[in-house]
Every structure is written in structure tokens, then in C-alpha cells.
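**Q** sequence and predicted model, in that order:
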Amino acid sequence: MTRSKRPLDGVLLFDKPLTLSSNTALQKVRRLFQAEKAGHTGTLDPLATGLLPICFGEATKFSTGLLDADKTYRALVKLGQTSTTGDAEGEITETGAALPDEQQVSAVLRNFTGEIQQLPPMHSALKHQGKPLYEYIRKGETIERPSRSVTIHELVLERFAGDEMEITVRCSKGTYIRTLAEDIGLALGCGAHLRGLRRTAIAQFRLEHACTWEQLETMTLPQREACLLPLDCLLQDMPMLELDAVQVTRIAQGQRLAIDAGLPDGKVRLYGDGKFIGVADLAGRRLAPERLLSGIAKSAASTEQQG
């Protein structure tokens with residue numbers, strides 16, 4: 001029997017397991033919560049594990065900031081071997097080159113912090129003429145693609161064992177960790193590929209607060225719902241502004257407000273009676289609604305009709 005889907009709002013920090021694609025993980029979790037609508041915030045490869053925030057219902061409206069946020073990974077890198085895909089999924093080739101010592105590795109890693117140039121891999125979902133690059137490489141075609149700038153905020157050698165090392169990488173959006181592994185191997189002169197990857201943080205969210213599939217399966221529906229974070233957890237970098245009942249009604253009707261908020265220009269998160277209602281743009285003393293909860297707009301429309 002098919003279970004009915006229901007409206008559900010909130011954010012789940014999910015620990016994606018190995019071999020599942022991000023979309024498959026999303027659909028499995030959505031069915032478990034019996035939710036009408038859900039989306040994830042940033043794809044993880046099937047061979048990668050770790051933090052995958054899943055947004056339910058209205059949370060999907062406010063999730064774009066996580067796509068642009070810094071991310072942190074724990075990566076296992078194999079030295080002395082290259083791969084056709086840059087990771088363990090491809091054909092592995094021994095380079096036969098001499099392996100570096102820990103001091104040499106540490107010295108090279110220092111050169112990969114800050115702003116660096118990366119060539120996006122052909123085995124990626126990056127689009128060319130509307131099609132992902134991996135579709136071209138499957139046909140034996142290689143597409144010319146420009147290098148692009150990414151920022152490595154932090155690169156720490158956590159463990160070194162001769163032909164293998166573990167590193168922690170905190171980086172900007174758009175960074176390919178397997179490309180980073182390959183480039184490090186090239187700089188060391190021994191070649192390298194990515195053997196394992198685990199995302200440990202996105203912005204302020206941490207993997208240690210995430211739920212696994214096994215944990216969610218054993219919970220009742222109310223227990224699962226208790227794991228959800230509120231919608232405004234996605235917007236904690238924005239200043240907050242409390243509106244009175246009249247201002248809430250007006251902005252929900254799409255009106256701009258003249259307001260002395262005492263806040264810098266930019267996006268602000270709005271509250272009415274202590275409850276989150278959406279996001280607006282503040283420019284001087286002008287407040288313009290940008291994205292509001294559906295229930296707020298409906299409530300305002302109902303109030304207007306009654307009036």
C-alpha cells in the first residue's frame with residue numbers, strides 16, 4: 001500500500017552512506033518521512049560519504065546559500081598510483097615513481113592553500129552545451145574546458161603512511177577534491193588519486209550532528225521529525241528583523257515598507273510574533289519582500305478579502 005505524502009518543513013542533516021547517489025539518498029529519506037517535497041543542497045558522488053543536508057517543504061526556498069557555502073572534507077589519497085577518473089572508480093595505474101617522505105608532502109601541501117587554479121575533470125556533472133561532461137567522456141570525447149579559480153582555506157595533513165595519506169580540506173564551492181589529489185600527486189612527482197572522501201561540514205553545519213540511515217530507520221515518525229532543524233537555520237548569517245502585525249500583513253501582500261531598522265543594507269530574515277516568516281531586501285529605509293513562507297501570503301490574502 002502506498003503511504004500518503006504530507007506537507008513537512010525543516011532541514012535534516014543526513015550522513016549519506018557509500019554507493020548511494022545524492023538523489024537516491026534524497027528519495028529514500030523523503031519516503032521515510034512521507035514528505036511531499038524535498039531537495040538536497042550540494043551533490044556528493046556515490047563513492048563519497050558524509051554530510052548531505054536535506055530540505056523539506058518550505059526549506060527548499062531558502063537553501064541556495066548552502067550551495068555557495070564553504071565545505072570541509074576528509075580525503076584519503078593514494079600515492080604512487082593514478083586513475084582514469086581521478087578516484088577509485090577508474091582504471092588504476094602504478095606510476096613506479098619514488099614515493100615522497102612526510103616532510104616533502106607537508107612542503108607541497110603548503111603550495112595548495114589559498115586561491116588555486118583547477119581544471120574541472122571530464123568525469124563530472126559540469127555541463128557543456130546542456131550535457132554533463134561525463135556523457136562526452138563515455139563516448140571517448142574530451143571537451144576543452146577552462147581552468148577556474150577555487151580557494152583552499154585550509155589543508156591539513158592528518159595522517160601519512162608512505163603510499164597513503166589523509167588530509168582535511170576546507171574549500172570554496174566548485175572545488176574538486178579528486179582534482180586536488182591528482183594535482184598534489186603531480187607536484188610530488190609520484191602521481192596520486194582519491195581513494196575515499198567524507199564531507200564533514202557545510203558552512204556552520206557539522207557531520208557529528210547528522211543522522212545515519214540506520215538511525216532513521218529505527219525511529220518512529222515523531223522521533224524523525226524531532227531531528228529536523230527549523231527553516232531559519234539556513235539563514236543564520238543574515239541579520240534578523242522583527243515586524244509588528246500590521247507590517248507582516250503589508251509585506252505579505254507584496255508591499256514595500258518604510259522602516260528604520262538600524263541594520264546594514266542587504267538581505268534580512270523576518271519574524272512576526274517571534275516566528276520566522278521569510279526574507280526581505282533592506283536598502284536604506286526601504287524593506288522589500290524577497291521570499292516569504294507560503295502560509296504568510298495566504299493569510300494576508302485572506303485578511304485582505306475579509307477586509
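**A** Thanks, I have it.
**Q** my guess is Ala283 contacts Lys267. True?
**A** No. Using CB atoms under 8 Å, Ala283 is not in contact with Lys267, being 10.6 Å away. For every residue, glycine as well, the C-beta is placed using N, CA and C.
**Q** ok, the two, which is more surrounded?
**A** Set side by side, Ala283 and Lys267 show more neighbours around Lys267, with 15 against 10, by other CB atoms under 10 Å.
**Q** what about Glu217, neighbour count?
**A** Residues within reach of Glu217, counting by other CB under 10 Å, total 10.
**Q** same question for the helix or strand containing it, mean pLDDT?
**A** Assessed by DSSP states H and E, Glu217 sits inside helix 213-218. Helix 213-218 shows a mean pLDDT of 97 in the predicted model.
**Q** what comes up buried for it?
**A** Within helix 213-218, the residues scored as buried using 16 or more other CB atoms under 10 Å are Leu216.
**Q** also stretch 25-34?
**A** Applying a neighbour-count criterion of 16+ other CB under 10 Å, the buried positions in stretch 25-34 are 25-26, 29-30, 32-33.
**Q** I'd say Met240 and Val268 touch.
**A** Yes. Counting by CB under 8 Å, Met240 does reach Val268; the two are 6.8 Å apart.
**Q** who's more crowded, those two?
**A** Higher neighbour count among Met240 and Val268: Val268, with 21 against 13, using other CB under 10 Å.
**Q** in which helix or strand would I find the more buried one?
**A** With elements taken from DSSP H and E, the one containing Val268 is strand 266-272.
**Q** next structured bit after that strand?
**A** Using DSSP H and E, the helix or strand that follows strand 266-272 in sequence is strand 275-283.
**Q** so which bits of the helix or strand following the helix holding Glu217 are buried?
**A** Downstream of helix 213-218, the first helix or strand assigned by DSSP H and E is helix 221-225. Buried residues in helix 221-225, defined by neighbour count with 16+ other CB under 10 Å: Arg224.
**Q** please save the CA atoms from helix 221-225 in CSV.
**A** Output in CSV follows, covering the C-alpha atoms of helix 221-225 (Å, rounded to 0.1, in the frame of the first residue of the first chain):
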residue,chain,number,x,y,z
LEU,A,221,7.8,9.2,12.7
PRO,A,222,7.6,11.7,15.6
GLN,A,223,11.2,10.9,16.5
ARG,A,224,12.3,11.5,13.0
GLU,A,225,10.5,14.9,12.9
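**Q** so how far is that helix from its chain's centroid?
**A** Put simply, helix 221-225 sits 24 Å off its chain's centre (CA atoms, centre = their mean, to the nearest Å).
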